[in-house]
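Engineer: whatever this is, show me its structure:
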Amino acid sequence: EEKLNLDDSQWEDIHVVTGALKMFFRELPEPLFPYCFFEQFVEAIKIQDNTTRIKSIRSLVKKLPRPNYDTMKILFEHLQKIAAKESVNLMSTQSLGIVFGPTLLRPEKETGNMAVHMLYQNQIVELMLSEYSKIFG
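Structural biologist: Below you'll find the model as predicted:
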């Protein structure tokens, strides 16, 4: 409900905008990838065959609650555009996975597997960006 003046100079710094976006997703009561899907996405990213892995991720994405799916589709479409300009902004799909993976996808309870989970979180986001059209198309 707060009125924002997007012409204000504070919004010229892309890091402020990106930080606000990440904070929005980080502060949701539940991540964009709901907790109950975390292990399923991790198991899907572990699949060795790339075609099967993509199909499995696509199937899970389609099972998400509609608001999560719609938000995810728009967000990943936007992040894909950012990755397409990697030569200018230095943000590859891998970099975006590192930045957004832990924010969008996390277990409900942190365990001793945090480093392993982080690797999978990054890989899931990276795959969804690189295979956007197959997953959301």
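Engineer: need the contact list for Glu131.
Structural biologist: Ile54, Ile57 (Cβ atoms under 8 Å, 6 or more residues apart in numbering). For the C-beta atoms, the positions are set from N, CA and C on the backbone; glycine is no exception.
Engineer: and the gap between it and Pro102?
Structural biologist: Counting by Cβ to Cβ, to the nearest Å, the separation of Glu131 from Pro102 is 20 Å.
Engineer: same question for Leu129.
Structural biologist: Going from Leu129 to Pro102 by Cβ to Cβ gives 15 Å.
Engineer: do Asn5 as well
Structural biologist: 31 Å.
Engineer: sorry, back to before: quick one: which of Leu129 and Pro102 has more around it?
Structural biologist: Leu129 (22 against 18; other Cβ atoms under 10 Å).
Engineer: next up, identify which helix or strand that one is on.
Structural biologist: Following DSSP states H and E, one finds Leu129 within helix 114-130.
Engineer: pull the CA atoms of that helix into CSV?
Structural biologist: The C-alpha trace of helix 114-130 is given here as CSV (Å, rounded to 0.1, in the frame of the first residue of the first chain):
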residue,chain,number,x,y,z
MET,A,114,23.6,-27.0,4.2
ALA,A,115,26.5,-27.0,1.8
VAL,A,116,25.1,-29.9,-0.2
HIS,A,117,21.7,-28.3,-0.2
MET,A,118,23.1,-25.0,-1.5
LEU,A,119,24.8,-26.8,-4.4
TYR,A,120,21.4,-28.4,-5.4
GLN,A,121,19.5,-25.1,-4.9
ASN,A,122,21.9,-23.4,-7.3
GLN,A,123,21.7,-26.2,-9.8
ILE,A,124,17.9,-26.2,-9.8
VAL,A,125,17.7,-22.5,-10.5
GLU,A,126,20.4,-22.7,-13.1
LEU,A,127,18.7,-25.6,-14.9
MET,A,128,15.3,-23.9,-14.8
LEU,A,129,16.9,-20.8,-16.4
SER,A,130,18.8,-22.7,-19.1
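Engineer: per-residue confidence averaged over it?
Structural biologist: Per-residue pLDDT over helix 114-130 has a mean of 92.
Engineer: who are the packing partners of it?
Structural biologist: Under the contact criterion of 3 or more Cβ pairs under 8 Å, 6 or more residues apart in numbering; DSSP states H and E, helix 114-130 touches helix 38-45, helix 50-63, helix 66-84, helix 93-104.
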